[in-house]
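In: heads up, no residue letters with this:
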């Protein structure tokens, strides 16, 4: 290292020192401590007692844990692709130079500003089985189908029927897609007009332009929104918690259908004070998130097109 | 894509879709506001009543009274949000400067490490974080909520670094040759040039802090120190989801400041989100 290098390293480290402290206190230490506690019997009130891999053995037989992982993956697997696709679709619609573009953009974006607890309260009201607005809106369609086709559709009890609770949560999550849509809009505006003109000269219609120009151009944004979406969906906590009005009895609402990874870690750690067990769970969950993110990046490597790279 | 290539049918389809989606995105808001003004019996009316027969403004005062100490919660929320903003702007801009305007070996590797921390979900680290705060005797205090923002935030550092990298080197080179200290270059040249980016992270941090539920839920146990999010959750839990007009009134009051803030800063806000998605 030259003298300037040494000097610059000292300066650079000095500038990033607040972050280094934050990294040690709120990333490195908690991760290592989670690993350490996961081999302990620990209740915060008493010092941790080493118990080997007992927590992990217990986890393997914990049906609630399996449920929580299944619910989390189920919710993420439906809501993230759905929200990403819909956000992209709305952005494509807006990207035609429509009249009142900024009005529509604001209308689609505003709900994403709503705090999670408010979102939970509002959707608990909207999804109410008897007088909820959602069922009021879809009721006539069900009645119509029943009258014409002789089917027996009924409006779902969104918050009570285990088959529908997670779908209700997906519906609520769609309302917050505005953030992703704005990112897509920016991506679409980057696509050079010449590409569309060239495609038109070759006789491309609307769909083939969408398929062969627009989609490749926004593919990095699809990846970005999917990854951010998955990280957020895996942490889902506040909205189901509020929608189920707490989740203690039974854990995770009807049939445990709203027991998510974050919910179960919370319950174990701060209701039962089984912190070692919660840490073992947290660690497995973390490995799941990391491996999924990496898989997503690897899978998309060949499909994502980076202009100018 | 310009609209001119759409035929009449395409245009009709386009606007129909947009209007339908706009209605669906606006309806929950409209329903929230409509419910907030209704007398109790109309909240449960079938078919639904959109325009209350009587606009009950007193629902709002009632909601404020029965939520607990609403104004105190609001004050707490604002206090935490403002401190978080100050901490975030200071620490993240310092770190972003160290990651962009000074060349040191290994810098970009450390930066990737910084970015990677964004992948750590809060539920994964909340137990040791709780024990750490407990050791410090911070449980129940606002420090648990704002202090982390004084120690840099990966997302904000990322945004500011992008911005700092875009400022031409020549601007600071002259000052460096004149013997200006790095801290003075940072404070007197780079920060004044970055006002818009700083405003973006200030806004994002404010919104994040205002909206946060999980962290206060775990670290704050005393009602006196509740934030609005905690207060609303406790309120809805207490009354078991029956008095929907009060719940909607309270929700409206909590959302309103965010909407107002958004309308005043719309342009910066949208640019900020756009910058997040920038390829890189």
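Out: The structure has been received and is ready for your questions. Note that the structure is predicted; figures quoted are calculated from it, not measured.
In: roughly how far apart are the nearest residue to residue A:169 once chain neighbours are set aside and residue A:252?
Out: In space, and not counting its chain neighbours, residue A:169 is closest to residue A:240: 5.8 Å by Cβ to Cβ, 6 or more residues apart in numbering or on different chains. All C-beta spots, glycine's among them, are computed from the backbone N, C-alpha and C. In this view, residue A:240 and residue A:252 are 8 Å apart by Cβ to Cβ, to the nearest Å.
In: how near is the residue nearest to residue A:169 to chain B?
Out: Between residue A:240 and chain B the distance is 12 Å, computed by Cβ to the nearest Cβ, to the nearest Å.
In: Who are the contact partners of that residue?
Out: Residues in contact with residue A:240, defined by Cβ atoms under 8 Å, 6 or more residues apart in numbering or on different chains, are A:120, A:165, A:169, A:247, A:253, A:258, A:260, A:263.
In: quick one: which of those is nearest to residue B:250?
Out: Using Cβ to Cβ, residue A:120 comes nearest to residue B:250 of the contacts of residue A:240, at 12.7 Å.
In: thinking again about what came up before, quick check: PyMOL command selecting the buried ones in the contacts of residue A:240.
Out: Entered in PyMOL, the line below selects the buried ones among those, by 16 or more other Cβ atoms under 10 Å in any protein chain shown:
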select buried, chain A and resi 120+165+169+247+253+258+260+263
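In: Find the closest residue to chain B in the stretch 151-300 of chain A.
Out: Scanning the stretch 151-300 of chain A for the residue nearest chain B gives residue A:183, at 3.5 Å (criterion: Cβ to the nearest Cβ).
In: Tell me if that residue really is in a helix.
Out: Yes - with DSSP: H, G, I helix; E, B strand; the rest coil as the criterion, residue A:183 is part of a helix.
In: Please name the nearest non-neighbouring residue to it.
Out: Nearest one to residue A:183, counting by Cβ to Cβ, 6+ apart, is residue B:277 at 3.5 Å.
In: That neighbour reaches residue A:179, doesn't it?
Out: No - with contact defined as Cβ atoms under 8 Å, residue B:277 does not reach residue A:179; the gap is 9.5 Å.
In: ok, how many other residues are close to the residue of the stretch 151-300 of chain A closest to chain B?
Out: Residue A:183 has 25 neighbouring residues, counting by other Cβ atoms under 10 Å in any protein chain shown.
In: thought it was touching residue A:224?
Out: Yes - shown here, residue A:183 and residue A:224 form a contact pair, counting by Cβ under 8 Å, at 6.9 Å.
In: what do these two both touch?
Out: Shared contacts of residue A:183 and residue A:224, defined by Cβ under 8 Å, 6+ apart, comprise residue B:277.
In: from the contacts of residue A:240, which has minimum pLDDT?
Out: Comparing pLDDT over those, the lowest score belongs to residue A:247 (63).
In: In the chain, which residue is most central in space?
Out: Defaulting to chain A. Centroid-nearest residue in chain A, with Cα atoms, centre = their mean: residue A:233, separated by 2.1 Å.
In: um, chain B though
Out: residue B:207 (1.9 Å).
In: How about residues contacting stretch A:204-221?
Out: Counting by Cβ under 8 Å, 6+ apart, A:88, A:92, A:183-184, A:186-188, A:190-191, A:195-196, A:199-200, A:300, A:303-307, B:1, B:5-6, B:10, B:277, B:279 sit against stretch A:204-221.
In: Would you mark the buried spots in the lengthiest helix in chain B?
Out: Scanning chain B for the helix with the most residues, using DSSP state H, yields helix B:244-276. Residues of helix B:244-276 classed as buried: B:244-255, B:257-258, B:261-262, B:265, B:269-276 (neighbour count, 16+ other Cβ under 10 Å).
In: helices and strands around that helix, which ones?
Out: helix A:116-126, helix A:178-190, helix B:8-36, helix B:40-43, helix B:58-66, helix B:154-165, helix B:195-211, helix B:228-238 (3 or more Cβ pairs under 8 Å, 6 or more residues apart in numbering or on different chains; DSSP states H and E).
In: ok, back up a step: between the contacts of residue A:240, which is closest to residue B:35?
Out: Among the contacts of residue A:240, and counting by Cβ to Cβ, the member closest to residue B:35 is residue A:120, at 15.3 Å.
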